[in-house]
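Asks: next come a sequence and a model predicted from it.
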Amino acid sequence: MLFTGSVFIGVEFSSHRRSLTYAVIDKGLNLLALTHGSLLEVTAYMQGQSSATVAVNAPSGLKRTQGRETKKQLSKPGFRSAEQDLRERGILVAGTPAAMEDCPAWMQDGFNLYRKLEKADFKKYPTETEATHQLLETNPYASFCVIADVVLQTKPSLEGKIQRQLLLYEAGLRITDPMDFFEEITRHKMLKGIWPHELLYSPEQLNALVAAYTAWLAVHKPDQISMIGDPREGVIVLPEKNLKEKY
């Protein structure tokens, strides 16, 4: 579906299947779409929007090499400046290799999405001039941690999903209140093993939602975001101005 107003899109890649989960919100933080599709489908959808800011959960650049590193050294896992920054703060994000062939499939899909959108005239955030189509990199796990001010529970766990959804709900997103989950629990349902899981979003959906929220914040409240990393490797945008030294 195409929308006439400005939309903010968060994209999450799957490591076990070649599809993308994406969330779309409007300027009022209303949820317009939360679904999945192929790289081609999602790219076409974004290109068709009259105004869109897209936040992608994937590296926008490779790790820079230090001098004359050997092929063996280049193939080892490494961390870009932004990733190292987060890890030093206690937020253990994954690293990005220095060579494209060493990147996992989902990461390569991410690079492909960046290329396609840049060819479609999406400008890297922040732009020096007014732009209707912008593109930025984010990291959902780090985003949730800086919003919560603590390291979160694991994303597949019930506690982790409720925690993430509640953070988004409290931030103002017009989504399902995760506290409704507890209102639906009765003694009978617990004995029968019936849990209202339909009231909670999946980890992939939650990641896409916080990415969309980060895109919204970057446009509407740029003074409330942080940008970390080396522009030559890719800058990560986070939905919190003041970052703690340790989480």
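Replies: Received the coordinates, thanks.
Asks: I'd guessed P203 sits against K161; true?
Replies: Yes - using Cβ atoms under 8 Å, P203 is in contact with K161, at 6.7 Å. C-beta: built from backbone N, CA, C; applies to glycine.
Asks: give me the common contacts of these two.
Replies: Among the neighbours of P203, those also in contact with K161 (Cβ atoms under 8 Å, 6 or more residues apart in numbering) are K155.
Asks: just the strands in the chain please.
Replies: 6-13, 20-26, 31-37, 51-57, 123-124, 133-138, 226-228, 236-238 (DSSP state E).
Asks: nearest to C103, of those strands?
Replies: Nearest to C103, of all these, is strand 6-13, at 11.5 Å by Cβ to Cβ.
Asks: any stretches of this structure with poor pLDDT?
Replies: In the predicted model of the chain, residues 1-4, 15-17, 66-77 satisfy pLDDT under 70.
Asks: let's see it at 90
Replies: 1-5, 14-19, 65-78, 127-131, 178-199 (pLDDT under 90).
Asks: who does the helix of greatest length in it touch, helix- and strand-wise?
Replies: The residue-count maximum for a helix in the chain (DSSP state H) belongs to helix 203-220. Packed against helix 203-220 by the contact rule (3 or more Cβ pairs under 8 Å, 6 or more residues apart in numbering; DSSP states H and E) you find strand 6-13, strand 20-26, strand 31-37, strand 51-57, strand 133-138, helix 140-148, helix 158-171, strand 236-238.
Asks: so it versus strand 51-57, what angle?
Replies: 130 degrees (axes from the mean of the first three to the mean of the last three Cα atoms, to 10 degrees).
Asks: pull out the buried residues from helix 203-220.
Replies: Going by neighbour count (16 or more other Cβ atoms under 10 Å), the buried part of helix 203-220 is 203-219.
Asks: with stretch 110-118 instead?
Replies: The neighbour-count check on stretch 110-118 (16+ other Cβ under 10 Å) flags G110, F111, L113, Y114, K116, L117 as buried.
Asks: contact partners of that stretch?
Replies: Stretch 110-118 has contacts (Cβ under 8 Å, 6+ apart) with 11, 13, 20, 39, 42-43, 46-47, 54, 56-60, 100, 103, 124, 133, 135.
Asks: what about the residue of the chain most remote from its centre, distance to S51?
Replies: What lies farthest from the middle of the chain is H188; by Cα atoms, centre = their mean that is 37.8 Å. Using Cβ to Cβ, to the nearest Å, H188 is found at 49 Å from S51.
Asks: cool, E128 as well?
Replies: 18 Å.
Asks: of those two, who's got more company?
Replies: S51 (16 against 6; other Cβ atoms under 10 Å).
Asks: and S157, which of the strands of the chain is closest to it?
Replies: S157 lies closest, by Cβ to Cβ, to one member of the strands of the chain: strand 6-13, at 17.7 Å.
Asks: just the buried residues of the contacts of stretch 110-118.
Replies: Of the contacts of stretch 110-118, these count as buried by 16+ other Cβ under 10 Å: 11, 13, 20, 39, 42-43, 46, 54, 56-60, 103, 124, 133, 135.
Asks: what about T186, how many residues close to it?
Replies: 10.
Asks: for G28, give me its contacts.
Replies: Taking Cβ under 8 Å, 6+ apart as the definition, contacts of G28 comprise R174.
Asks: for R174, give its distance to H36.
Replies: Distance from R174 to H36, by Cβ to Cβ: 20 Å.
Asks: let me fix that: E233
Replies: Counting by Cβ to Cβ, the separation of E233 from H36 is 28 Å.
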